[in-house]
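[1] Here is a sequence together with a model predicted from it:
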Amino acid sequence: MDGKRKFLRFNTALNIEFKSSDDTEDKYRMGLLKSFSREGLSFVSQRFDAKPKQHLELRLKLPGKDVIVSCHGEIAWKKDTEDKAAVGMKLKEMDAAAKEEILEYAYKKWVERVSAKN
């Protein structure tokens with residue numbers, strides 16, 4: 001585990017929508033959640049303008065449910081390629097029950113991957 005992290009980060013793929021918290025328009029971009037932990041997450045998307053410390057609002061659908069959850073966080077890092085962006089975000093605000101559901105889903109997927117290797 002990375003020396004900076006306090007919690008395990010689970011690889012998981014979920015579709016997300018996101019926008020800058022200070023964006024007055026309701027214009028969300030699409031992205032793909034790549035990993036999730038108790039304190040943060042990472043995702044990829046089309047390239048967009050943003051810098052570390054900038055606040056984002058994310059919306060994601062809980063796995064296996066028709067429930068959309070919003071969360072807010074701060075960009076910890078961002079790496080751009082020609083047309084894509086990879087973003088690491090520290091969670092600042094998220095419903096605790098929703099966070100637990102995503103962690104449970106990600107943990108189950110991790111167990112399935114580990115079991116399949118053995």
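    On my side now, so go ahead. Numbers count the residues shown, from 1 in each chain.
[2] CA atoms for contacts and neighbours, from now on please.
    Noted.
[3] could you pull out the helices for the chain?
    96-117 (DSSP state H).
[4] And the residue nearest the centre of it?
    With distances taken as CA atoms, centre = their mean, residue 41 lies nearest the centre of the chain, 3.9 Å away.
[5] Do I have it right that that one meets residue 92?
    No. With contacts counted by CA atoms under 8 Å, residue 41 stays clear of residue 92, the gap being 11.1 Å.
[6] tell me what whichever strand in the chain runs longest is packed against?
    As assigned by DSSP state E, the longest strand anywhere in the chain is strand 68-80. Applying 3 or more CA pairs under 8 Å, 6 or more residues apart in numbering; DSSP states H and E, one finds that strand 68-80 contacts strand 55-61, strand 84-94.
[7] hmm, who's touching that strand?
    Outside strand 68-80, the residues that touch it by CA atoms under 8 Å, 6 or more residues apart in numbering are 21, 47, 50-62, 85-95, 98.
[8] Give me the buried subset of the residues you listed.
    Neighbour-count burial (16 or more other CA atoms under 10 Å) applied to the contacts of strand 68-80 gives 55-62, 85-91, 98.
[9] These: which two are farthest apart?
    Spatial extent of those (CA to CA) is set by the pair 85 and 98 at 25.5 Å.
[10] From residue 49, how far off is the closest residue to residue 87 other than its chain neighbours?
    Once flanking residues are discounted, residue 87 sits nearest to residue 78: 4.5 Å by CA to CA, 6 or more residues apart in numbering. In this view, residue 78 and residue 49 are 10 Å apart by CA to CA, to the nearest Å.
[11] residue ranges with poor pLDDT in this structure?
    The chain contains residues with pLDDT under 70 at 1-5.
[12] 90 instead?
    1-13, 21-27, 49, 61-67, 98, 100-118 (pLDDT under 90).
[13] And residue 103, how close does it get to residue 109?
    Taken as CA to CA, the span from residue 103 to residue 109 is 10 Å.
[14] Let me fix that, I meant to ask about residue 33.
    From residue 33 to residue 109 the distance is 14 Å (CA to CA).
[15] In contact with residue 95, which residues?
    69, 71.
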